[in-house]
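Student: A predicted structure for the sequence below; I have some questions about it.
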Amino acid sequence: MRKCGLSSLGRPPENRIPSPAGSAFFVKGAYEGCAMNLDFCCWVPDPVRQACAGVCSADTPYRESSVEAAKRLVTDPRMETFYRSESLGWARGPNADIAWRLWFDAALDAANVDEDASREAIKRQRANVSELVRVLDEARDLLNEIEQDETSAPISIPIEFTDVLYLLDATAQHPGIVDDYDRSRYEANARPRLDEIFRFNGSRACFIPSVAQLITGLSASAFALQAQLDDRATIPWRGQFAADQFTSQKSNKYRAYVRGVDRAMWELRFEYTDEDQVECWRLPDSLLAIQCKVALGESDLEGFVERMRKHRLNFESGEL
């Protein structure tokens, strides 16, 4: 059994003997960064080997789940179909080395998507917004009471309690709130522009909401957000990508993986070009299905390609 030599073209070596069914040729990991003595399948492109060596190194900053996914992507015999596919136009393009590394990064990042953690964060956001509404309403009422009692109580209340301009200026000057760098930027750029507003602040022609009114405004915005968060159908998701992912009550690791890869590759689509420098970032359904199973450590599943096809992003319809 002969070993495959290293390729410098960003793709597996040419003119090699195909691996027999059910087995694969392996080349000993020769990259010094790979402290785990990893065996690379001979059809793994050099850029992927190098990237994997960094992920699997002794001082790796990657999580264990990423390391395990990386190892599977370069050793699982099912990936031979992926790496040797003629459908990957970018593997033969002028940017092949970079494209392979970006693909590998996307493959690992998608494997680390934790929908359950995001769903827990959504629950916390809903609870915190609700509490914010309560606290802001209480703060507004307290400020109003302080203003009403100001004429009767022999206490001098700081102007910052009512005048938002003075509150803004006092906040920017406070060393315990704003650091030296931000304060210097405020004094050099923002404060001079506020001088004119300060001059007209007491004029009848000038109206600026009071501190209590601003808190009331923030409370109104928080209340509106709270109403939206009460129903998953009205939550203001950051784009259709998040809406499709989290409107469902249940997590789906396959959907999360496929959409994570699609989104990552689409965002850097200009890096995935073929020999004619035409963008070809989108992976075929069959190859993405293989990649998904391997990266997540899943066995072969019946009808998996069709299931993955339904999960993919449609960027033409604005699913971002």
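Tutor: Structure's in. What do you need?
Student: where in the stretch 101-250 of the chain is pLDDT low?
Tutor: By pLDDT under 70, the low-scoring segments of the stretch 101-250 of the chain are 239-249.
Student: where exactly do the helices run in it?
Tutor: Assigned by DSSP state H, counting those that start in this stretch, the helices in the stretch 101-250 of the chain fall at 115-149, 164-173, 180-185, 191-200, 211-229, 240-246.
Student: just put those in a markdown table and tack on mean neighbour count and distance to D109.
Tutor: Quick note: C-beta positions are derived from backbone N, CA and C, even for glycine. As requested, the helices of the stretch 101-250 of the chain are exported to a markdown table (neighbours: other CB atoms under 10 Å; distance: least, CB to CB, whole Å):
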| stretch | mean neighbour count | distance to D109 |
| --- | --- | --- |
| helix 115-149 | 14 | 14 |
| helix 164-173 | 16 | 38 |
| helix 180-185 | 11 | 32 |
| helix 191-200 | 11 | 42 |
| helix 211-229 | 16 | 28 |
| helix 240-246 | 17 | 14 |
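Student: distance to D300 added to these, as a markdown table?
Tutor: Formatted as a markdown table, the helices of the stretch 101-250 of the chain follow (distance: least, CB to CB, whole Å):
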| stretch | distance to D300 |
| --- | --- |
| helix 115-149 | 23 |
| helix 164-173 | 60 |
| helix 180-185 | 56 |
| helix 191-200 | 65 |
| helix 211-229 | 40 |
| helix 240-246 | 25 |
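Student: out of those helices, nearest to C280?
Tutor: C280 sits nearest to helix 240-246 of all the helices of the stretch 101-250 of the chain, at 21.4 Å, using CB to CB.
Student: immediately after the closest one, which helix or strand?
Tutor: Using DSSP states H and E, the helix or strand that follows helix 240-246 in sequence is helix 253-267.
Student: list the helices and strands the helix or strand that C52 is a member of packs on?
Tutor: C52 is part of helix 46-55 when elements are defined by DSSP H and E. Counting contacts by 3 or more CB pairs under 8 Å, 6 or more residues apart in numbering; DSSP states H and E, helix 46-55 is packed against helix 64-75, helix 96-111.
Student: hang on, isn't L165 packed against F198?
Tutor: Yes: assessed by CB atoms under 8 Å, L165 is found in contact with F198 at 6.1 Å.
Student: pop the domain breakdown of the chain in here.
Tutor: Using automatic domain parsing, the domains assigned to the chain come out as 26-114+242-317, 116-238.
Student: list the contacts of the residue nearest to C292 when sequence neighbours are not counted.
Tutor: Excluding the flanking residues, the one nearest C292 by CB to CB, 6 or more residues apart in numbering is Y257, at 5.0 Å. By CB atoms under 8 Å, 6 or more residues apart in numbering, Y257 lies in contact with 110-111, 113, 292, 295-296.
Student: returning to what we had before: Serialize the helices and strands packed on helix 46-55 to a markdown table and add fields for mean neighbour count and distance to K310.
Tutor: Converted to a markdown table, the helices and strands packed on helix 46-55 look like this (neighbours: other CB under 10 Å; distance: least, CB to CB, whole Å):
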| stretch | mean neighbour count | distance to K310 |
| --- | --- | --- |
| helix 64-75 | 19 | 23 |
| helix 96-111 | 22 | 17 |
